[in-house]
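A.B. asks: Output the structure for:
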Amino acid sequence: MAEFKYSWRDEYGSDMDKAKALLSDDSISGTYISNVADISRQGVSNYRTGKTDIESANWSVVTKLSRAYEADWIQKQIGDNQTDFVLFIQKISSELNTVANNYETKGNEEMTNVFDRLNEMTGSDIIQLIDLYKAYKDDEG
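C.D. replies: Below is the predicted model:
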């Protein structure tokens, strides 16, 4: 029997995991969290101190905190490599387009559609792009 493999996204945790991680990270200011998540500084402070239990929070608050965690994570992953990262995105998109065009030339509409969709999916998912970028940089050096 084949072993079940979890989604690559599972290693980053759920929205609740991300919200808790953000709130517990003392290196991230309450002001930053407040501004990025659009939650009052007092609300952020209440979650951080436990005065308000994040487990009981409205799901929209958890989602906002999760997105703020992701924004901070993205900045930490890319750092000063923004230009290189953009060039990588252009390169992977170009490569996927080339493969799709090759299938189109061969009259294989099904595979053309698969690679077009893969290009759309990859290009719209920053976390996936960062994961691919890190693999690219690891293999490059």
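
A.B. asks: show me where pLDDT drops low in the protein?
C.D. replies: Within the chain, the segments meeting pLDDT under 70 span 1-10, 140-141.

A.B. asks: can I assume Val36 is in contact with Trp73?
C.D. replies: No: Val36 is beyond contact range of Trp73, at 11.8 Å (criterion: CB atoms under 8 Å). No exception for glycine: its C-beta is placed from N, CA and C like everyone else's.

A.B. asks: mind giving me the domain split of this structure?
C.D. replies: Each structural domain of the chain that the record assigns through automatic domain parsing is listed here as a residue range: 13-78, 82-140.

A.B. asks: Assign Lys51 to one of the three secondary structure states.
C.D. replies: Three states are possible here, and by DSSP: H, G, I helix; E, B strand; the rest coil the one that applies to Lys51 is coil.

A.B. asks: just to revisit the earlier point, and the domains of the chain, which is most packed in?
C.D. replies: Across the domains of the chain, the average number of neighbours (mean count of other CB atoms under 10 Å) peaks for domain 13-78, which reaches a mean of 16.

A.B. asks: Mind naming the longest helix for this protein?
C.D. replies: The helix of greatest length in the chain, counted in residues with DSSP state H as the criterion, is given as helix 82-105.

A.B. asks: got the contact list for it?
C.D. replies: For helix 82-105, the surrounding residues in contact (CB atoms under 8 Å, 6 or more residues apart in numbering) are 78, 109, 111-112, 115-116, 118-119, 122-123, 129-130, 132-133, 136.

A.B. asks: so how far is Trp73 from Gly79?
C.D. replies: Here Gly79 is placed at a distance of 12 Å from Trp73 (CB to CB, to the nearest Å).

A.B. asks: What ranges does the protein have for its helices?
C.D. replies: With DSSP H as the criterion, the chain has helices spanning 15-24, 30-37, 41-49, 59-78, 82-105, 109-123, 126-140.

A.B. asks: helices and strands around the first one, which ones?
C.D. replies: Right, helix 15-24. helix 41-49, helix 59-78 (3 or more CB pairs under 8 Å, 6 or more residues apart in numbering; DSSP states H and E).
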